[in-house]
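Enquirer: Here is the input, now give the coordinates:
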Amino acid sequence: MNFGEAISAGFSNYVNFSGRASRSEFWYWVLFGVILSIIANIVDALIGFPVISAVVSLGLLLPNISISIRRLHDIDRTGWWFLLVLTIIGSILLIVWACFKGTDGPNTYGPDPLAGH
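Expert: Residues are numbered from 1 along each chain as shown. The predicted structure follows:
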């Protein structure tokens, strides 16, 4: 999956908490979020009021949760593990898990997202 496909998939599945998200889809989405946040912070610094970064953060909140849960599904873990993000140690664990290769072939949460590639 390339950068454009990942962004398109992120927005088209922003409320889809089932299925799986590949590593490339997840990390391209994270890159997109970081770039968008940097741009929003620059614009906020120029206008002197932090409104754009707040809108971007709120706009990306649900898609970020969705893709994170689907990434957990890709490594055959339940989405409830996402609640670890509420702790520092848990956040580190989630980052490590996001680096793992997904389950080959279908798993409990659906078909392999890379099976056609």
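
Enquirer: roughly how far apart are the nearest residue to Arg20 once chain neighbours are set aside and Ile47?
Expert: Of all residues not flanking Arg20 in the chain, Asp74 sits nearest, at 4.1 Å (C-beta to C-beta, 6 or more residues apart in numbering). (C-beta placed from N, C-alpha, C; glycine too.) Distance, Asp74 to Ile47, by C-beta to C-beta, to the nearest Å: 39 Å.

Enquirer: the more surrounded of the two?
Expert: Legend: neighbour count by other C-beta atoms under 10 Å for Asp74 and Ile47, higher for Asp74 (26 against 10).

Enquirer: how about the more buried one, what does it touch?
Expert: Residues in contact with Asp74 (C-beta atoms under 8 Å, 6 or more residues apart in numbering) are 20-23, 102-103, 107, 109, 113.

Enquirer: go with 6 Å
Expert: 20-21, 102 (C-beta atoms under 6 Å, 6 or more residues apart in numbering).

Enquirer: List only those of those flagged as buried.
Expert: 20-21, 102 (16 or more other C-beta atoms under 10 Å).

Enquirer: who does the lowest-mean-pLDDT helix or strand in the chain touch, helix- and strand-wise?
Expert: When each helix and strand of the chain is scored by mean pLDDT, DSSP states H and E, helix 3-12 comes last, with a mean of 91. Applying 3 or more C-beta pairs under 6 Å, 6 or more residues apart in numbering; DSSP states H and E, we find helix 3-12 packed against helix 23-47.

Enquirer: pLDDT at the residue positioned nearest the centre of the chain, what is it?
Expert: Residue closest to the mean C-alpha point of the chain, counted by C-alpha atoms, centre = their mean, is Ile67 at 3.8 Å. On pLDDT, Ile67 comes in at 96.

Enquirer: which intervals of the protein have sub-threshold pLDDT?
Expert: Low-confidence segments of the chain (pLDDT under 70): 117.
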